[in-house]
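Asks: just the structure for this:
(2 chains)
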Protein chains: 2
Amino acid sequence: MYLAKIYVTHKPSILDPQGEAVKNALHRLNYTSIESISQGKFFEVNINADSKEAAIKVVESICKDLLVNQNMETYSYEVEEG
Amino acid sequence: MYLAKIYVTHKPSILDPQGEAVKNALHRLNYTSIESISQGKFFEVNINADSKEAAIKVVESICKDLLVNQNMETYSYEVEEG
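Replies: Modelled structure (predicted):
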């Protein structure tokens, strides 16, 4: 069993309205030291696989097939045995 | 300047309907090796602070004040200079 942690964020060129809204809310709460904030998605996936390589292959394809909108988003991941 | 990466996930005892929906969608796409999946939020925050300790303090308070619903969610974070 492998645990994959997948982080999906907006591409830098894409406007992130959620992140902007959170930043403005924090400024209103007087957290003026917050310079910028971006909000993304975070998936923890348990995968039945024979090897780490096989698990990574599954992660790559589920990102492309479902989890990530590759026009607007970018992703990174870590896979660990667990 | 410090970069904080904040991960917000459902508490284990709380139902995660988004994660369930994603798992079901992946099973329909024949990714049967997916055992379980949980979906959370991921924030990247740039903080103006004099020290790592000061940045961590800011992270702890913005989590409690805005980013995390402590009844249902739990969080973890990493703070690095950047």
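
Asks: next SSE downstream of the longest strand along chain A?
Replies: Longest strand in chain A, counting residues (DSSP state E): strand A:34-47. Under the assignment DSSP states H and E, the closest C-terminal helix or strand after strand A:34-47 is helix A:52-62.

Asks: my read: residue A:39 touches residue B:45, true?
Replies: No: the criterion here is C-beta atoms under 8 Å, and residue A:39 misses it with residue B:45 at 9.7 Å. For glycine as for every other residue, the C-beta is placed from the backbone atoms N, C-alpha and C.

Asks: so for those two, which sits in the more crowded spot?
Replies: residue B:45 (28 against 22; other C-beta atoms under 10 Å in any protein chain shown).

Asks: what sits against that one?
Replies: A:34, A:36-37, B:3-6, B:59, B:62 (C-beta atoms under 8 Å, 6 or more residues apart in numbering or on different chains).

Asks: what's the separation between it and residue A:60?
Replies: 28 Å (C-beta to C-beta, to the nearest Å).

Asks: cool, and residue A:29?
Replies: Residue A:29 is 39 Å from residue A:60, where distance means C-beta to C-beta.

Asks: who in chain A is up against chain B?
Replies: Contact residues, chain A versus chain B (C-beta under 8 Å from any C-beta of the partner chain): A:1, A:7-9, A:19, A:22, A:25-26, A:29, A:31, A:33-49, A:58, A:61-62, A:65-67.

Asks: hang on, the earlier thing: for the longest strand of chain A, which strands pair with it and how are they oriented?
Replies: Strand pairing for strand A:34-47, determined by DSSP bridges: strand A:2-10 (antiparallel), strand B:34-47 (antiparallel).

Asks: tell me which of these sits nearest to residue B:53.
Replies: Smallest distance to residue B:53 across the strands paired with strand A:34-47 (C-beta to C-beta): 11.9 Å, for strand B:34-47.

Asks: now the closest one: how far from the chain's centre is it?
Replies: Computed by C-alpha atoms, centre = their mean, to the nearest Å, the chain-centroid distance of strand B:34-47 equals 4 Å.

Asks: next: stretch A:74-82.
Replies: For stretch A:74-82, the distance to the chain centre is 10 Å (C-alpha atoms, centre = their mean).

Asks: buried stuff in that stretch?
Replies: A:75, A:77, A:79 (16 or more other C-beta atoms under 10 Å in any protein chain shown).
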